[in-house]
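> Quick one: sequence and predicted model below, then my questions.
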Amino acid sequence: MVDQVEEVKSKVDIVQTVSEYVKLTKAGRNFKGLCPFHGEKTPSFMVNPELQIFKCFGCGVGGDVFEFVQKMEGAEFGEVLRMMAKKVGVELTSYVPTKAEDEREMLYRINQLTADYYHYLLTKHEVGKEALEYVLGRGITLDSVEKFKLGFAPEGWDFLIKFLTGKKNFQMADLERGGLVIASPKGGYDRFRNRVIFPLTNHRGQVVGFAGRVMPGSDEKSGGKYVNTSETEIYHKGDLLYGLDINKMEIKSAGWVVVVEGEIDAIASYQAGVRNVVAIKGSALTQRQVDLLKRYTDTLILALDADLAGDMAARRGIEMAEKGGMIIKVVETGSVRVNPKKYKDPGEWAIDDAKGWVKAVEEAVPIYDFYITSAVERYGLEAVGKAKIGKELLPIWAKIEDEITKGHYIKRLAEVLGVGEGDVRRQMEKTLNSKADGAGKQEAQKPSDQVKTRREILEEDLIRLALVGERSEELTKEPIKGWIQSEFWKKVIDELAKGLSVKELPAELRERTAGLLMSEWEFSEGEWVKVLREMEMEHIKAKKAGLESEKDLPEIAELAKRYNDLTKGR
């Protein structure tokens, strides 16, 4: 099996694979980009095609192509291996999945069979006839029913149980684990009953769960208007973007994405012509959702039911997206000018007035303009209202990282409130200072990072240049070898002396050494000579410090002369 893992790995181009998730640019012998694992504005994420590894110097995450895809996809090793093997045309003959991988695959199979079963009942079976009429009556087309694989769960306690255990031979425990049935003393019952079903798929198109909308006339008290799959090993509400698997190329092509709250909202928008759309559960974007969307676009247009300015959870999601370098706009659903018919949600709006919905999306406003408009509408511009507006918006303004954008909106807010820009800035400073006081006390208690000595920095620079410039052999010879004090680098040099490459170094030496190559450094003869000179000077200073007796004076004089000569060469 190890051979097949290496075979797949040797055929996968890490630069090409990472480029599917991160925009990379050439940087010396490496490629660099913004790290997908933490928010940053300046690239510190490097990919080395020779070593076939990645490393982020901001958050420290690194590894090979399998580790990268595992982290990006939240998948098990075996799942990634199969994905990569299929991509490069390697048939895995000896791979034995772990128990955890087997169980995840089983859950994917159960969910796919369930989705197919419910879809068949809605579109082909007599039991789903009324439900299909209801769906079509809501303005959802047959094309959309097929595209999004809508289904129907009949009234009754064990329709799905009988299908999956009786015909497909799954165990009740498997169905419970997948969130499809609810355990009871009498043996359990179907979670979804008399509901229109929306299969929930991840961005790879795997069915991971379901949302069920109760049929008109049913008792909503028994489960609410909507029922969703409970959290399972493969379904996490905060990871999911409904419609992303279907619409991701539309998003990439358009360069922006509309984010709505419900499945029907997403489907209706798709039908109206705004196909670059996804839906989330609730009003708050999660870090995982932001990271997924960043693969396809840098611009989000939010069309959510919640008041984004007053909803703290929604604001946290927006802040995460902005820290990730995304541009945020908002559809002004509450504006009489934009929404004169006062549609309650994007689904109703897009079905009843497709052109109006498209126009509203096209006229989406920047998030900070929306914040101002929303706050003024809620608080008014009397003295008390102005104070409330400042209290709500200034902490948001303080977090704007781009100084030009911040300056623009400070001026804009000052104009709206009828005060001077200086007043807004001073009040914002007070907000920052009050928060900084508490944070500063905590920061003062943190131990400072260990600082490298001048010699340690030079040793790393020397090793790096030798590796980049293919001068490793010179490290193994005197006097250079004698200038190295670090036991770690001595061991590395001993291994290099055996003719080993960086990829062939022992595991305990490989990662740190490979890390030296993950930079934009290019070899130059001038830099090589300069670092050698600096290293020799450090060596001389250390040696002189160890000479104390009178008999050492001739050697001290000789070392001083050499040091002076090196100083002149600077």
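Sure, I can see it.
> show me what contacts residue 181?
By C-beta atoms under 8 Å, 6 or more residues apart in numbering, the contact set of residue 181 is 160, 161, 172, 175, 188, 189, 190, 191. Glycine gets a C-beta too; all of them are placed from N, C-alpha and C.
> Report pLDDT for it.
You'll see residue 181 listed with a pLDDT of 92.
> Relative to residue 236, how far out is it?
In this view, residue 181 and residue 236 are 20 Å apart by C-beta to C-beta, to the nearest Å.
> What's the mean pLDDT across stretch 48-66?
Averaged over stretch 48-66, pLDDT sits at 87.
> Could you export it as PDB, CA atoms only?
Extracted as PDB, the C-alpha positions of stretch 48-66 are listed here (Å, rounded to 0.1, in the frame of the first residue of the first chain):
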ATOM      1  CA  ASN A  48       7.800  24.200  -3.100                       C
ATOM      2  CA  PRO A  49       7.500  22.100  -6.300                       C
ATOM      3  CA  GLU A  50      10.800  20.300  -5.900                       C
ATOM      4  CA  LEU A  51      10.100  19.000  -2.400                       C
ATOM      5  CA  GLN A  52       6.300  18.800  -3.100                       C
ATOM      6  CA  ILE A  53       5.500  20.400   0.200                       C
ATOM      7  CA  PHE A  54       3.700  23.500   1.500                       C
ATOM      8  CA  LYS A  55       4.400  25.700   4.500                       C
ATOM      9  CA  CYS A  56       2.700  28.800   6.000                       C
ATOM     10  CA  PHE A  57       5.100  31.000   7.900                       C
ATOM     11  CA  GLY A  58       2.200  32.900   9.500                       C
ATOM     12  CA  CYS A  59       0.400  30.000  11.200                       C
ATOM     13  CA  GLY A  60       3.000  27.300  10.900                       C
ATOM     14  CA  VAL A  61       0.800  24.700   9.000                       C
ATOM     15  CA  GLY A  62       2.700  22.600   6.500                       C
ATOM     16  CA  GLY A  63       3.000  19.200   4.900                       C
ATOM     17  CA  ASP A  64       2.500  17.300   1.700                       C
ATOM     18  CA  VAL A  65      -0.300  17.300  -0.900                       C
ATOM     19  CA  PHE A  66      -2.400  14.800   1.000                       C
END
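> Just the buried residues of it, please?
Residues of stretch 48-66 classed as buried by neighbour count (16 or more other C-beta atoms under 10 Å): 48, 51, 52, 53, 54, 55, 56, 57, 61, 62, 65, 66.
> I'd like the residues you listed as JSON lines, with distance to residue 128 and secondary structure appended.
Converted to JSON lines, the buried residues of stretch 48-66 look like this (distance: C-beta to C-beta, whole Å; DSSP: H, G, I helix; E, B strand; the rest coil):
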{"residue": "48", "distance to residue 128": "55", "secondary structure": "strand"}
{"residue": "51", "distance to residue 128": "56", "secondary structure": "coil"}
{"residue": "52", "distance to residue 128": "51", "secondary structure": "coil"}
{"residue": "53", "distance to residue 128": "52", "secondary structure": "strand"}
{"residue": "54", "distance to residue 128": "48", "secondary structure": "strand"}
{"residue": "55", "distance to residue 128": "53", "secondary structure": "strand"}
{"residue": "56", "distance to residue 128": "50", "secondary structure": "strand"}
{"residue": "57", "distance to residue 128": "56", "secondary structure": "coil"}
{"residue": "61", "distance to residue 128": "47", "secondary structure": "coil"}
{"residue": "62", "distance to residue 128": "51", "secondary structure": "strand"}
{"residue": "65", "distance to residue 128": "45", "secondary structure": "helix"}
{"residue": "66", "distance to residue 128": "43", "secondary structure": "helix"}
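> Nice, that's everything, thank you.
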